[in-house]
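1. for reference, the sequence and a predicted model appear below.
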Amino acid sequence: MRSRGRRVLVPALAALPVLAALCGLGTWQVKRLHWKNDLLARIEASEKAPPAPLGAAAEPYAKVVATGRFDHAREALLGVEVRGTTLGSHLLTPLLRDGHPPLLVDRGWVPLERNRPLDRPEGEVAVTGFVREADTRDWNSPADDAAGRRFYVFDPAAIGAALGLRTPPAPFGLVALAAPADAAPGIPAAARSLPRPDNRHLGYAITWYGLAASLVGVFAAFAVRRMEDDNA
C-alpha cells in the first residue's frame, strides 16, 4: 500500500510546482487586466475632457496644453514608421518654455523623402497633446544615431544632451494632437487621437488557467490509471 502511494505521490510533488507557476501566471495576468482596463478608462476620459495646462509633473496619456517656442534648429527624428508604402519617422522638436525645462514634442509623422516643406511655426505657440512617458532602454533596444539626430528610444535626457540643449528637458514628452478643424493633415501629420494600448490580458489569463486545469485533469487520469494497474 505504501509503495502504491509513492507511485502517485512522487509525480504529484513534481507537478505541484508547475501547477503553482501556471496559477501564478494566470493571477498576474488578471492583475494586469485590471490595470489595463483602468488605464484605458483614464485615456478615454482624458480624450473627452478639455486639455489642462501642463504642470511640472503629468500623468501618462493626460491631455494637456503647453506654451512656448519651437527650437527648429534642434529637430530630430524618432523611430521608424511605414504609412502605406512610404517610410517615415516622427519629428521631435524641443519646445522652449520660459521658467520651465524644454519639452520634447513629437509633432507628428514625416516621410523620410519629402516633396514639400515642413510646417515650422515661429513665435509663441500653444501645443495641445498627450503626455508620453520615457521609454525604458534594455539590452534589445536599437542603438541611436546621436550625430545624425536619429533616435529609436525615447530617452529625454539622452536626446536633450545629444541635441545640445543647455537645460535638461522634462523627463517626459508631449505627442501633439491635430486640431479637429484640420481636415487634411499636413506635414508633420500630428496624431488625431490618443493611443489605445492592446488589452489581451484576459486571453492570456484564460490560457494560463486553462493549462493549469489541463494539468490537473491529466494528473487525475494518470493517478486513476496507476491505481487501477496496481489493483489489477
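-> Looks like it came in fine.
2. so who does the most centrally placed residue in the chain touch?
-> Closest to where the C-alpha atoms of the chain average out (CA atoms, centre = their mean) is Pro197, at 6.9 Å. Contact analysis of Pro197 by CB atoms under 8 Å, 6 or more residues apart in numbering lists Lys36, Leu39, Leu40. For the C-beta atoms, the positions are set from N, CA and C on the backbone; glycine is no exception.
3. where do the helices of the protein begin and end?
-> 2-48, 156-163, 201-231 (DSSP state H).
4. just checking, what packs against the last one?
-> The reference is to helix 201-231. helix 2-48 (3 or more CB pairs under 8 Å, 6 or more residues apart in numbering; DSSP states H and E).
5. mind listing the residues bridging to the closest residue to Asp145 other than its chain neighbours?
-> Among residues not flanking Asp145 along the chain, Phe151 sits closest, at 7.6 Å (CB to CB, 6 or more residues apart in numbering). Using DSSP bridges, the bridge partners assigned to Phe151 are Leu78.
6. number the chain from 28, please
-> Okay, residue one is now 28; in that scheme the one you just asked about reads as Phe178.
7. now for the closest residue to Arg164 other than its chain neighbours, how many residues are close by?
-> Spatial nearest neighbour of Arg164, chain neighbours left out: Val180 (5.2 Å); criterion: CB to CB, 6+ apart. Neighbour count of Val180, defined by other CB atoms under 10 Å: 17.
8. do you know the pLDDT at Val180?
-> pLDDT for Val180: 94.
9. the spatially closest residue to Leu139 that is not a sequence neighbour and Asp171, how far apart?
-> Among residues not flanking Leu139 along the chain, Leu114 sits closest, at 5.3 Å (CB to CB, 6+ apart). Taking CB to CB, to the nearest Å as the measure, Leu114 and Asp171 are separated by 18 Å.
10. these two: who's more crowded?
-> Using other CB under 10 Å as the criterion, Leu114 and Asp171 rank with Asp171 on top: 19 against 12.
11. can you pull the contacts of the more buried one?
-> Per CB under 8 Å, 6+ apart, neighbours of Asp171: Arg177, Phe178, Tyr179, Val180, Ala185, Ala189.
12. what's the closest of the residues you listed to Ala239?
-> Nearest to Ala239 out of those is Val180 (CB to CB; 36.7 Å).
13. my read: the closest one touches Ser168, true?
-> Yes - counting by CB atoms under 8 Å, Val180 does reach Ser168; the two are 5.0 Å apart.
14. give me the common contacts of the two.
-> Asp162.
15. neighbour-wise, give me the winner out of the contacts of Pro224.
-> Of these, with other CB under 10 Å as the count, Lys63 tops at 17 neighbours.
16. so how far is Glu71 from that residue?
-> Distance from Lys63 to Glu71, by CB to CB: 13 Å.
17. domain parsing for the chain?
-> 29-63+227-258, 89-203 (automatic domain parsing).
18. tabulate the ones you listed (JSON lines), appending distance to Gly213.
-> JSON lines is the format used below for these (distance: least, CB to CB, whole Å):
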{"stretch": "domain 29-63+227-258", "distance to Gly213": "34"}
{"stretch": "domain 89-203", "distance to Gly213": "5"}
